[in-house]
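Trainee: Need the 3D shape of this:
(chains A and B)
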Number of protein chains: 2
Amino acid sequence: MAYKSDIEIAREANKKPILEIGAKLGIASEDLLPYGHDKAKVSQNFINSVQDRENGKLILVTAINPTPAGEGKTTTTVGLGDGLNRIGKKAMICIREASLGPNFGMKGGAAGGGYAQIVPMEEMNLHFTGDFHAITSAHSLLSAMIDNHIYWGNEQDIDTRRVAWRRVVDMNDRALRQITCSLGGVSNGFPREAGFDITVASEVMAILCLANDLKDLEKRLGDIIVAYRRDKTPVYCRDIKAEGAMTVLLKDAMQPNLVQTLENNPAFVHGGPFANIAHGCNSVIATKTALKVADYVVTEAGFGADLGAEKFMNIKCRKAGIAPSAVVIVATVRAMKMNGGVAKADLGAENTAAVKKGCANLGRHIENVKSFGVPVVVAINHFVTDTEAEIQAVKDYCGAHGVEAVLARHWELGSEGSEELARKVVALADSGVAHFAPIYPDEMPLFEKIETIAKRIYRADEVLADSKIRGQLKEWEEAGYGNLPVCMAKTQYSFTTDPNRRGAPTGHSVPVREVRLSAGAGFIVVVCGEIMTMPGLPRKPAAETIRLNDAGQIEGLF
Amino acid sequence: MAYKSDIEIAREANKKPILEIGAKLGIASEDLLPYGHDKAKVSQNFINSVQDRENGKLILVTAINPTPAGEGKTTTTVGLGDGLNRIGKKAMICIREASLGPNFGMKGGAAGGGYAQIVPMEEMNLHFTGDFHAITSAHSLLSAMIDNHIYWGNEQDIDTRRVAWRRVVDMNDRALRQITCSLGGVSNGFPREAGFDITVASEVMAILCLANDLKDLEKRLGDIIVAYRRDKTPVYCRDIKAEGAMTVLLKDAMQPNLVQTLENNPAFVHGGPFANIAHGCNSVIATKTALKVADYVVTEAGFGADLGAEKFMNIKCRKAGIAPSAVVIVATVRAMKMNGGVAKADLGAENTAAVKKGCANLGRHIENVKSFGVPVVVAINHFVTDTEAEIQAVKDYCGAHGVEAVLARHWELGSEGSEELARKVVALADSGVAHFAPIYPDEMPLFEKIETIAKRIYRADEVLADSKIRGQLKEWEEAGYGNLPVCMAKTQYSFTTDPNRRGAPTGHSVPVREVRLSAGAGFIVVVCGEIMTMPGLPRKPAAETIRLNDAGQIEGLF
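Mentor: Numbering: from 1, shown residues only, chains lettered A, B, ... in the order given. Below is the predicted model of the structure:
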């Protein structure tokens, strides 16, 4: 049997006017700012008007460590949202927006897959409602104002060797990673080293995704540390007086974007911070608004549960004052096999032994997530090549670990395939067993926070950090930043810092290479390995074959 | 009497839903892609469907050389559009979009002023419908692909010292004017000199504004010369295979944006190329579409008539196959006084003699515009301080030069104040006296084209250009670019290249400092003086005081 591609399915979608989708949530047309007929922003007025309502229940979708076999986290998020609606629940979905630049390197991603997708797929992979462009603009304004400040006399005494604020562009442009700027003589400023990151790596992105409202946004933007003086004291964004204008540029970008699934169920797609140097989940404002208009809100976190779910709970939930009522861990038989040692080329053959072996990875994620005090269900995202015996092996493993595993076939069947999962999730969420708590308190010293995550989540024996890093953490504690959570930047492919160590390794060390203070976003980034904040394009970029065909359709993007 | 500010008036506007404005033009709601409730893009389907219709009449609004006193060209464009509607004509307005970056330096501009404005003013000065962001993205993609091509083996043998394609950002950022990029070692590429311009100076902007449709857009993008090889042959954008993906990024940006005046009359605000290194008028697609849906289309061209009208006629009209039926030259009593030698501080006092003397500037523009075979009317854009005698002096001068001058009070009164101007314009446009022709033929050698403009428009005695420049022009002629029009880049403040020489000077020379080939846009830029393609921010940027107030209104932007 031949399956249709994601884009073919997306193009056949029977989209409803976005005003109808909004009406399902009780959002009046005057509170929806349309962007075309299939996208809209929710007004601040509406958001203000629902603040006194009870919250719905929050469901987090996370996953095992990703493998090249794919696990289908977003697909399951969408499928579960549709499944909940199918069984008569008022449910909605919250996911991140896609980054523009990477689409021109590799083919762009859908939002979900098969019959569990959010549309309009093409716009969501291009300019969408312009949020990321607004973030680029706000970031660029601050960049320009810093060098302008230096140019006109440098009243703040910025040390031009210690400008911490890099520039951004939403494009994979390795040539801009490291530059010297302000060349060309007196009228262009004081030459210095600088560089560009991709927009999703901007602290402005992280701030937008964590801010509660525009006032909070402006305050956090003002808190950004942009440089250090000759006396090493920090220069804040508010010293440069940029935060007001940046907020004006971000005014519309702060409003959640409403779109729909293939089954015409509502979804907010809003914000998209990097999952390494930031926390990797959609905006707080979208999630909190969703909780006011739906009884069940399905959301996801980037990478595997060791990174994504950990940061979702320790950073986003802590800061936003929200708590998941249940967590879905997505696994696939194929990914279990790879965790069990099977190469990608050999995934086609039944291998129950490898599945069983690979389940160790899943098992550890189950334990970890439970340690936050939330109930767990495993969704086995079905692939058509999975055998009965392999599926049963995963179910048995989960059963033995006190967790139910449900086969989910939304990719192939839409909500018909996720009905069972939806029922199980409702039962768990409604059971009231969740007693969510972050795994470390605000007042714990920063280094201990890192150790807590390394030992309890990664199951490492120790954290390695030289005296410079420990000293830096101490300094920040003295400067009043000790109560911030830590944002781990580590490979997503392993519990360890070695991307090749699959399964459930123990006995390893977590070396901390660098720590960075994101004072506006409100966390300390802990870098444990390479982090790439500006990707490059491959030898044959997808862009070379992207074009409009004679029917006006986009080719090559997907 | 106290007058309200532009922004106060704009905020009090009784805007109609944009679908109603579209309906006035016979555009069905399914052919309007809404961006909020007060902005919409016109679908390509609709544009295709009206191609067989007769064209309406095109009215160009241009002006004397700008002075610090202000001449009110856009205000008059809007006022005339409203006036035409008031007297029962089906009329619409076409103007340019505003550049984002400069708003953070000086306070941002309205689209018009007083009671002759286009709204929503705030959005039009911020992200609007995202067109400029799309242009930045398309430009940045090509930039990244060029360096990526060099990085992965440089199959085209690009000479990294001769990359002609600079990067862009829509921000005033002088620190980026001149940089070295690709620093940091092997993985970041081959270090080279580079630099950024502001987005409106991008050739992509000029191309978007001259392209007839998406196919033409893609072809022109492919024609861009991005670099030269070691053997000095040009490398085109299509050699880098970027034009398809760039077109995809520009797909929506190509559609004209519909907005409205304070009096709820329709306006297209679309495209905004620099008036120096490009041709400085709104998009061809907007103007041509407007001509299909309205009987009278009022548009404007950047700077004074010596630059703006000249390029509108010799470049835009020639290339687009359109022709103005009448031209309005905007003058003010105050600007005439300044041209007559009065300092700005002394403009308050009546000075009929200075007005008469300054009219020489107006007189020359009248002669010049007439030389294109189009009838002219002068609009005296009224200021409340103008005296009867001063106004009469301008009228008398025009009368003596065979042209009528009409007092226009739209700034104060809206369309009530521009009714007389509208009637006069209709009479001229309907008279059938226009026999438009560009002032030089395609086949004229490039240097002679420059001389023609310098002598016939600027009234210079000679054009000065060294052998290198003449040789470059010859080379381009041999390469097949000899039939392109020339795009003059000269100060807008004078007929000469000296911004301080007001009035109607003669006997001067026009030195050509540099020539540049914009092969995609389809013109040769002739640089006669400094041109600034990346502005800087002032000592106290407007951005420092821009903020959202407690009512959610933007302060400090206007």
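Trainee: low-scoring stretches of chain A, by residue?
Mentor: Across chain A, the ranges flagged by pLDDT under 70 are A:1.
Trainee: who does the longest helix seen in it touch, helix- and strand-wise?
Mentor: Counting by DSSP state H, the longest helix found in chain A is helix A:131-151. In this structure, helix A:131-151 packs against strand A:158-163, strand A:167-169, helix A:203-210, strand A:225-229, helix A:237-240, helix A:243-250, helix B:131-151, with contacts taken as 3 or more CB pairs under 8 Å, 6 or more residues apart in numbering or on different chains; DSSP states H and E. Every C-beta, even on glycine, is put in place using the N, C-alpha and C of the backbone.
Trainee: tell me the phi and psi of residue A:278?
Mentor: Main-chain torsions, residue A:278, degrees, to the nearest 10: phi -140, psi -160.
Trainee: list the contacts for it?
Mentor: Residue A:278 makes contact with A:201, A:203, A:205, A:206, A:209, A:487, A:518, A:521, A:525, according to CB atoms under 8 Å, 6 or more residues apart in numbering or on different chains.
Trainee: Close to chain B: what parts of the stretch 351-500 of chain A are there?
Mentor: Contact residues, the stretch 351-500 of chain A versus chain B (CB under 8 Å from any CB of the partner chain): none.
Trainee: Distance from the chain centre to the longest helix of chain A, please.
Mentor: 24 Å (CA atoms, centre = their mean, to the nearest Å).
Trainee: correct me, but residue A:60 touches residue A:327?
Mentor: Yes - contact criterion CB atoms under 8 Å: residue A:60 and residue A:327 qualify, at 4.7 Å.
Trainee: which residues do those two both contact?
Mentor: Joint contacts of residue A:60 and residue A:327 (CB under 8 Å, 6+ apart) are A:309, A:374.
Trainee: What are the boundaries of the helices in the stretch 301-450 of chain A?
Mentor: Under the criterion DSSP state H, counting those that start in this stretch, the stretch 301-450 of chain A contains helices at A:308-311, A:318-320, A:333-339, A:352-370, A:388-400, A:410-413, A:419-430, A:446-456.
Trainee: Tell me the gap between the third one and the middle of its chain.
Mentor: The reference is to helix A:333-339. Distance, centroid of helix A:333-339 to centroid of chain: 23 Å (CA atoms, centre = their mean).
Trainee: just checking, what packs against it?
Mentor: Helix A:333-339 packs on helix A:352-370, helix A:388-400, going by 3+ CB pairs under 8 Å, 6+ apart.
Trainee: which helices and strands sit right next to the longest one?
Mentor: Right, helix A:352-370. strand A:57-63, helix A:308-311, strand A:324-331, helix A:333-339, strand A:376-381, helix A:388-400.
Trainee: closest one to residue A:117 among the ones you listed?
Mentor: strand A:376-381 (14.0 Å; CB to CB).
Trainee: re earlier: quick one: which of the contacts of residue A:278 is nearest to residue A:537?
Mentor: The shortest approach to residue A:537 among the contacts of residue A:278 belongs to residue A:201, at 16.5 Å (CB to CB).
Trainee: Return the longest helix of chain A as PDB; C-alpha atoms alone will do.
Mentor: What follows is helix A:131-151, C-alpha atoms only, in PDB (Å, rounded to 0.1, in the frame of the first residue of the first chain):
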ATOM      1  CA  ASP A 131       6.600  36.400  15.000                       C
ATOM      2  CA  PHE A 132      10.200  35.400  14.300                       C
ATOM      3  CA  HIS A 133      10.700  38.400  12.100                       C
ATOM      4  CA  ALA A 134       9.600  40.600  15.000                       C
ATOM      5  CA  ILE A 135      12.000  38.900  17.300                       C
ATOM      6  CA  THR A 136      14.800  39.400  14.800                       C
ATOM      7  CA  SER A 137      13.900  43.100  14.500                       C
ATOM      8  CA  ALA A 138      13.800  43.600  18.300                       C
ATOM      9  CA  HIS A 139      17.100  41.800  18.700                       C
ATOM     10  CA  SER A 140      18.700  43.700  15.900                       C
ATOM     11  CA  LEU A 141      17.500  47.000  17.300                       C
ATOM     12  CA  LEU A 142      19.200  46.300  20.600                       C
ATOM     13  CA  SER A 143      22.400  45.300  18.700                       C
ATOM     14  CA  ALA A 144      22.400  48.500  16.700                       C
ATOM     15  CA  MET A 145      21.700  50.600  19.900                       C
ATOM     16  CA  ILE A 146      24.700  49.000  21.700                       C
ATOM     17  CA  ASP A 147      27.100  49.900  19.000                       C
ATOM     18  CA  ASN A 148      25.500  53.300  18.600                       C
ATOM     19  CA  HIS A 149      25.900  53.900  22.300                       C
ATOM     20  CA  ILE A 150      29.600  53.100  21.900                       C
ATOM     21  CA  TYR A 151      29.900  55.300  18.800                       C
END
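Trainee: Compute the inter-axis angle for it and helix A:243-250.
Mentor: Helix A:131-151 and helix A:243-250 meet at an angle of 160 degrees, taking axes from the mean of the first three to the mean of the last three CA atoms, to 10 degrees as the criterion.
Trainee: The helices and strands packed on helix A:131-151: which one's closest to residue A:430?
Mentor: helix A:203-210 (28.5 Å).
Trainee: next SSE after the closest one?
Mentor: Heading C-terminal from helix A:203-210, the first helix or strand you meet, by DSSP states H and E, is helix A:214-223.
Trainee: And chain B, is that next one touching that?
Mentor: Yes - residues of helix A:214-223 are located near chain B by CB under 8 Å from any CB, namely A:214, A:218.
Trainee: and that helix, what does it pack onto?
Mentor: Looks like helix A:214-223 contacts helix A:203-210, helix A:237-240, helix A:243-250, strand B:547-548 (3+ CB pairs under 8 Å, 6+ apart).
Trainee: make it 7 Å
Mentor: helix A:203-210, helix A:237-240, helix A:243-250 (3 or more CB pairs under 7 Å, 6 or more residues apart in numbering or on different chains; DSSP states H and E).
Trainee: could these be laid out in CSV, adding distance to residue A:84?
Mentor: Converted to CSV, those look like this (distance: least, CB to CB, whole Å):
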stretch, distance to residue A:84
helix A:203-210, 24
helix A:237-240, 41
helix A:243-250, 32
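Trainee: any idea which of the ones you listed is most buried?
Mentor: Among the helices and strands packed on helix A:214-223, ranked by average contacts under mean count of other CB atoms under 10 Å in any protein chain shown, first place goes to helix A:203-210 (a mean of 28).
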